[in-house]
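Undergrad: What follows is a predicted structure for the sequence shown.
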Amino acid sequence: GDSVTQMEGPVTLSEEAFLTINCTYTATGYPSLFWYVQYPGEGLQLLLKATKADDKGSNKGFEATYRKETTSFHLEKGSVQVSDSAVYFCALTLSGGYNKLIFGAGTRLAVHP
Amino acid sequence: GAVVSQHPSRVICKSGTSVKIECRSLDFQATTMFWYRQFPKQSLMLMATSNEGSKATYEQGVEKDKFLINHASLTLSTLTVTSAHPEDSSFYICSAGGATGGIDTQYFGPGTRLTVL
């Protein structure tokens, strides 16, 4: 079945370090891919998305490229801040319209000063 | 824009009682709303999808008679947990589609933490 696999956390980094959170997917169709972020005590927020192969989603210094050949959508940021500490969820949805999101397990990121 | 609210943010109830959770899209019309459940340190699991004016579609394994969903307007969906038991304690999150983020983008509410004693 369709699924999303994320690297296990927690990921602990010092401020200004480079971040990579790996995400791979399995899907029978042509999914749209998303990264959502959940800050402590808050709901999920859309961070970025990509809807087709080779698209790059970017927002707030984060970016991820839709790699169909490796079925991956890894999240990267060149220089993390303490305020980036949160749980990051990779997700996919198939086709268009409001189809259901399939989430990965989430990766907790802790950034220390 | 694209704000989704939930009420209450947390609720504690006795076993056997029913609890209603509201999900509202504040600045857009949501043709479709989704209800998720999130266990501690785990991902979100979709419970059901509701479209305004029609019956909800439940995911496999979700009891439709226990988790009643009503989507009576384009800005409001409710989830009622009937005859709640301690195993229903969880974090319930709704999301709504139909905002400016694109046809396949959902916007999430802040969640409701339910504790059943």
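TA: Here it is on my side, so go on.

Undergrad: what's near enough to touch the residue nearest in space to the middle of chain A?
TA: Chain A has A:Trp35 as the residue nearest its centroid, 3.3 Å off, counting by Cα atoms, centre = their mean. When contacts are counted by Cβ atoms under 8 Å, 6 or more residues apart in numbering or on different chains, A:Trp35 touches A:23, A:46-49, A:57, A:62, A:64, A:73, A:75, A:88-91. Where C-beta positions appear, they are placed from N, C-alpha and C, glycine not excepted.

Undergrad: And these, which is closest to B:Thr78?
TA: Using Cβ to Cβ, the shortest approach to B:Thr78 within those belongs to A:Leu46, at 23.7 Å.

Undergrad: ok, that closest one - how many residues close by?
TA: Around A:Leu46 sit 21 other residues, with neighbours defined as other Cβ atoms under 10 Å in any protein chain shown.

Undergrad: go on, the one 10 residues further on?
TA: The number of residues packed around A:Lys56, counting by other Cβ under 10 Å, is 10.

Undergrad: Can you name the residues that contact it?
TA: Counting by Cβ under 8 Å, 6+ apart, A:Lys56 touches A:Ala50, A:Glu63, A:Ala64, A:Thr65, A:Tyr66.

Undergrad: Just to check, the third one is in contact with A:Tyr88?
TA: No. Applying Cβ atoms under 8 Å, one finds A:Ala64 not in contact with A:Tyr88, separated by 10.3 Å.

Undergrad: shared neighbours of the two, which are they?
TA: When Cβ under 8 Å, 6+ apart defines a contact, the residues bordering A:Ala64 and A:Tyr88 alike are A:Trp35, A:Leu75.

Undergrad: could you check the distance from the closest residue to A:Val82 other than its chain neighbours over to A:Leu75?
TA: Leaving aside its sequence neighbours, A:Val82 sits nearest to A:Val111 (Cβ to Cβ, 6 or more residues apart in numbering or on different chains; 5.0 Å). In this structure, A:Val111 and A:Leu75 are separated by 14 Å, where distance is defined by Cβ to Cβ, to the nearest Å.

Undergrad: same thing with A:Glu15?
TA: In this structure, A:Glu15 lies at 18 Å from A:Leu75, with Cβ to Cβ as the measure.
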